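**Student:** whatever this is, show me its structure:
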Amino acid sequence: MKRKTEKKYSGVIVPMVTPFTKDWKIDSQAVERLVHNFVANHISPLVLGTTGECASIHDEDKMDLLRFLARSFRDKTKIYVVISDNCFRKSVELAKQYFDFGIELNVALLPNYYPLNRTQIRKYFEDLAERIPGKLFIYNIPATTGISIPLDIIQALSLHEKIVGLKDSEQDLQRLDQSIEMWKDRSDFSHFVGWGAQCLNGLRKGSDGIVPSTGNFCPSIYWKLYQAALNEERDQGQEALDITMEVAAIYQNGRILSESLTALKLMLQVAGLCGKTVLPPFTDLPEEEEKEVIRKTKETIEKYKLSWI
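**Tutor:** Just a heads-up that it's a prediction; the model follows:
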């Protein structure tokens, strides 16, 4: 993928897990370790997203997390933060508070309680963009919202001066191809692939960036994958993708989303990056499953000589 159009927003963004202490408070030391590894590998964090257990975190803890990130990393990397809440007013208030911390890049998915029609979907994002102080990324994730945002609506929204990008996690190859064609040459609107298995494919076709949850564990491999795609190094790109798919299989295969995120944190504990604590309604894996995840994680670390700062 030789980039034809330079974009302000591109590259690798990792939807960061939210590390907690055993008493369910934000573990700032673990946050620092994770983000240091992102920064060292030219990666930006996406905070309080699906991987970050956003729906389970108390507002005070969200403020503590964003205040710490802004103070420690605002000048070192772009920080993307999900502001979505089923209460529209609360989403706007969160965006304003984060902006006061110096964080300007907001990401929003649709409210996930009521079914919405086309008019409601479009107006929701337009109203949000008008009321928040920073820039807005649309986040399409039918797995949690139950709604696929139509591409023609996103196209209309992309003309709004404050709506600057899309993170699309819908697993639909036709949609992926169509959306990349729509925006790959738009300098003012960025497309990010949120489907891990299609990261390399999307980049090769002209997507601007990727948002892989597995990047919490192996950020350096994703940076190699991105660079290989950018430089049209097919063998290197495929090699990096194969490693990421092997890592992803450890925590994803055979598990629903809530179970896989628990397993991902267990992998990060083995790597010494954060603890395995998750918030309710998530629970620990059964003991035998934990042992298997730990075993496979250790084998993978040794096999690929993975290391962290």
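
**Student:** and the host helix or strand of residue 261, what other elements does it pack with?
**Tutor:** In the assignment (DSSP states H and E), residue 261 maps to helix 257-270. Secondary-structure packing of helix 257-270 (3 or more C-beta pairs under 8 Å, 6 or more residues apart in numbering; DSSP states H and E): helix 234-252, helix 287-304. Any C-beta I mention is one placed from the backbone N, CA and C, and that applies to glycine too.

**Student:** again, 10 Å this time
**Tutor:** In terms of contacts (3 or more C-beta pairs under 10 Å, 6 or more residues apart in numbering; DSSP states H and E), helix 257-270 is packed against helix 28-40, helix 234-252, helix 287-304.

**Student:** so which bits of it are buried?
**Tutor:** By 16 or more other C-beta atoms under 10 Å, the buried positions in helix 257-270 come out as 259-270.

**Student:** give the contact list for residue 165.
**Tutor:** 7-10, 13, 80, 105, 107, 135-139, 158, 183, 186, 188-192, 208-209 (C-beta atoms under 10 Å, 6 or more residues apart in numbering).

**Student:** weed out the non-buried ones from those residues.
**Tutor:** Applying 16+ other C-beta under 10 Å to the contacts of residue 165 flags 7, 9-10, 13, 80, 105, 107, 135-139, 158, 183, 186, 189-192, 208-209 as buried.

**Student:** which of those residues fall in strands?
**Tutor:** The strands in this structure, assigned by DSSP state E, contain 13, 80, 105, 107, 135-139, 190-192, 209 from those.

**Student:** which members of those are the farthest-apart pair?
**Tutor:** Maximum pairwise distance among those (C-beta to C-beta): 16.3 Å, between 136 and 209.

**Student:** distance to residue 289 and pLDDT added to the buried residues of helix 257-270, as TSV?
**Tutor:** Shown next, in TSV, are the buried residues of helix 257-270 (distance: C-beta to C-beta, whole Å; pLDDT from 0 to 100):
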residue	distance to residue 289	pLDDT
259	9	98
260	11	98
261	14	98
262	9	98
263	8	98
264	13	98
265	13	98
266	9	98
267	12	98
268	16	98
269	14	98
270	14	98
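
**Student:** ok, so of those, who is nearest residue 64?
**Tutor:** residue 265 (18.8 Å).

**Student:** would you mind measuring from that closest one to residue 300?
**Tutor:** 16 Å (C-beta to C-beta, to the nearest Å).

**Student:** for residue 129, same thing?
**Tutor:** 41 Å.

**Student:** can you check residue 116 too?
**Tutor:** Per C-beta to C-beta, residue 116 is found 41 Å from residue 300.

**Student:** what helix or strand does residue 76 sit in?
**Tutor:** Secondary structure from DSSP H and E places residue 76 outside every helix and strand.

**Student:** what about it, how many neighbours?
**Tutor:** Neighbourhood size, residue 76 [other C-beta atoms under 10 Å]: 12.

**Student:** show me the shaky parts of the stretch 1-150 of the chain.
**Tutor:** Residue ranges of the stretch 1-150 of the chain with pLDDT under 70: 1-4.

**Student:** thanks a lot, catch you later.
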